[in-house]
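Visitor: here is a sequence together with a model predicted from it:
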Amino acid sequence: MNHDSFFETLETQFTNQLPFVVYSRPINSVVKCWLQKDDELHSTEFFTESGFVFAPFNLSEKSILFPKDKCEYSEIRCENLEIESVESTKITVDEYDKINHINLVLKGREAINNGDLEKVVLSRCETKVIQNNNPISIFKQLYNSYKNAMVYCWYHPKVGLWIGATPELLFKTEGKQLTTISLAGTQPYKQNSEPTWTEKEFVEQQIVTDYITRQLKPYTKQIEVSQVNTVRAGKLLHLKTKITSIIHEKAQLKSIIEALHPTPAVCGFPKPEAKTFILQHENYNREFYTGFLGELNLKISKTRNTNRRNVENNAYAVVKSQSNFYVNLRCMQLKGSNASIYVGGGITKDSNPEKEWEETVNKTATIVNVLD
Ligand SMILES: C=C(O[C@H]1C=CC=C(C(=O)O)[C@@H]1O)C(=O)O
């Protein structure tokens, strides 16, 4: 399929109000799309089906599924998508939003100082009116701008339209191999300057690493944890640790999802207390922000050679099941010309409320920079 017909088919699907997802995983230059043939709303409870999943922050609400057998799938390969460049929307600061967020952070810090919890991720939603509300063209802008993110546009007429460019892998599995990351701590990216991180960011990121390794123990073995590195996500830097392990024979995907999601990178620690705090105090519904999305139980065939000297005769294919889920961050929901952008940050006892506010403003830039 050529690029034009790939995107024309997507536009037609959207005009016909039929569900679709178009996305590209980090650093692979492949843009994939799934088009559901009708507008039925499917969900998954046990994560045993094959398809594309779009799950909310609160797993007691429905995780939406585009079942593989109800979809048409296509993909194209390209470095950059042709698109008119946009005059990016300015980042504006609403004083009312600022006061509200600072008050929320103060409440979170107070709960931490009272010993109720160690970390809580607090967020807000900011709505902007935009000129160009064509989701496919916003997707193309994001794709051209963020090569090391999972960039997506997801639509279901009975649920809504979400667009994002997330730097965070929840986890991926290939056969029995599981890979995940611990991502937290934020500062603006500055060209030609080495970042310096403070104790606050190291602590908030370590809470995520410790949580993930602890939660993986009942379901996996041979857990390996990398050193902490700095990674770039658009105009931001984060602290990242890579964690790999081997899934136990009898472990179910659903159990691993429930063990990890939501991690302290988007919820807090301890999880139940942090989640209760968020649901009580954030004053809005996160819906799919800080939920997760991605490919569920897809069969991939990999060719292996048993003998290097006689490649053709000894090549055999191994079929493995693969899933990969990304945390829905740096995202927005589009309702007509209203773009609602979702942003948050990890609060610890050392949080400075003004700085936490600025961090959320910087995070909005990922999306705002591609809006017209
Ligand atoms: C909750 C968000 O980011 C998370 C991921 C990376 C760094 C984060 C932080 O520094 O607070 C957050 O844990 C968001 O972007 O809305």
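Guide: Happy to help now that I have it. Numbering: from 1, shown residues only.

Visitor: and residue 308, what pLDDT?
Guide: Model confidence at residue 308, given as pLDDT, is 58.

Visitor: contacts only, for residue 123.
Guide: The contact partners of residue 123, by CB atoms under 8 Å, 6 or more residues apart in numbering, come to 278, 282, 286, 289, 290, 342, 343, 344, 345, 360. For every residue, glycine as well, the C-beta is placed using N, CA and C.

Visitor: element containing it, please.
Guide: For residue 123, the host element (DSSP states H and E) is strand 119-129.

Visitor: which element follows the helix or strand bottoming out on mean pLDDT in the chain toward the C-terminus?
Guide: Within the chain, confidence by mean pLDDT, DSSP states H and E is lowest for helix 311-314 among all helices and strands, at a mean of 58. Scanning forward in sequence from helix 311-314 by DSSP H and E, the next helix or strand is strand 315-327.

Visitor: tell me the strands beside that following strand, with direction?
Guide: Each strand paired with strand 315-327, and its direction, by DSSP bridges: strand 169-174 (antiparallel), strand 292-305 (antiparallel).

Visitor: got the buried residues for whichever helix or strand comes after it?
Guide: Where DSSP H and E defines the elements, the next helix or strand beyond strand 315-327 is strand 331-335. Going by neighbour count (16 or more other CB atoms under 10 Å), the buried part of strand 331-335 is 331, 332, 333, 334.

Visitor: so which helix or strand takes in the closest residue in space to the first one that isn't next to it in sequence?
Guide: Read it as residue 331. Sequence neighbours aside, residue 164 is the residue nearest to residue 331 in space, at 3.0 Å (criterion: CB to CB, 6 or more residues apart in numbering). Assigned by DSSP H and E, residue 164 falls within strand 160-166.

Visitor: what are the buried residues along that strand?
Guide: 161, 162, 163, 164, 165, 166.

Visitor: list the helices and strands that strand packs on?
Guide: Applying 3 or more CB pairs under 8 Å, 6 or more residues apart in numbering; DSSP states H and E, one finds that strand 160-166 contacts helix 135-145, strand 150-156, strand 331-335, helix 353-368.

Visitor: what about that strand, distance to the chain center?
Guide: 9 Å (CA atoms, centre = their mean, to the nearest Å).

Visitor: given that strand, what are its sheet partners and their directions?
Guide: If you go by DSSP bridges, strand 160-166 pairs up with strand 150-156 (antiparallel), strand 331-335 (antiparallel).

Visitor: just send those back as a markdown table, with mean pLDDT and distance to the ligand too.
Guide: Shown next, in a markdown table, are these (pLDDT from 0 to 100; distance: least, CB to the nearest ligand atom, whole Å):
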| stretch | mean pLDDT | distance to the ligand |
| --- | --- | --- |
| strand 150-156 | 98 | 13 |
| strand 331-335 | 98 | 8 |
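
Visitor: tell me the mean pLDDT for the strand holding residue 164?
Guide: The model assigns strand 160-166 a mean pLDDT of 98.

Visitor: so what touches it?
Guide: 54, 135, 138-139, 142, 145-146, 149-155, 234, 287-288, 326-335, 366-367.

Visitor: and those residues, which are buried?
Guide: Buried among these (16+ other CB under 10 Å): 54, 135, 138-139, 142, 146, 149-155, 234, 287-288, 326-334, 366-367.

Visitor: contacting residues around the residue in the stretch 1-150 of the chain that the ligand sits nearest to?
Guide: Among all residues of the stretch 1-150 of the chain, residue 121 sits closest to the ligand, at 5.2 Å; criterion: CB to the nearest ligand atom. The contact partners of residue 121, by CB under 8 Å, 6+ apart, come to 264, 265, 266, 267, 268, 274, 278, 290, 344, 345, 346, 347.

Visitor: kindly report the same for residue 75.
Guide: Applying CB under 8 Å, 6+ apart, we find residue 75 in contact with 1, 30, 31, 32, 33.

Visitor: rerun at 6 Å
Guide: Residue 75 is in contact with 30, 32, counting by CB atoms under 6 Å, 6 or more residues apart in numbering.

Visitor: bridged to it, which residues?
Guide: residue 32.

Visitor: any idea how far it is from residue 6?
Guide: The gap separating residue 75 from residue 6 is 8 Å, by CB to CB, to the nearest Å.

Visitor: likewise residue 282?
Guide: Separation of residue 282 from residue 6 (CB to CB) stands at 38 Å.

Visitor: just residue 65 next, same as before
Guide: Computed as CB to CB, the residue 65 to residue 6 distance reads 23 Å.

Visitor: settle it for me: which of those two has more neighbours?
Guide: residue 65 (22 against 18; other CB atoms under 10 Å).

Visitor: so the more buried one is in which element?
Guide: Going by DSSP H and E, residue 65 is in strand 63-67.

Visitor: what sits up against that strand?
Guide: Contacts of strand 63-67 (CB under 6 Å, 6+ apart): 34, 36, 42, 43, 44, 49, 51, 52, 53, 54, 55, 159.
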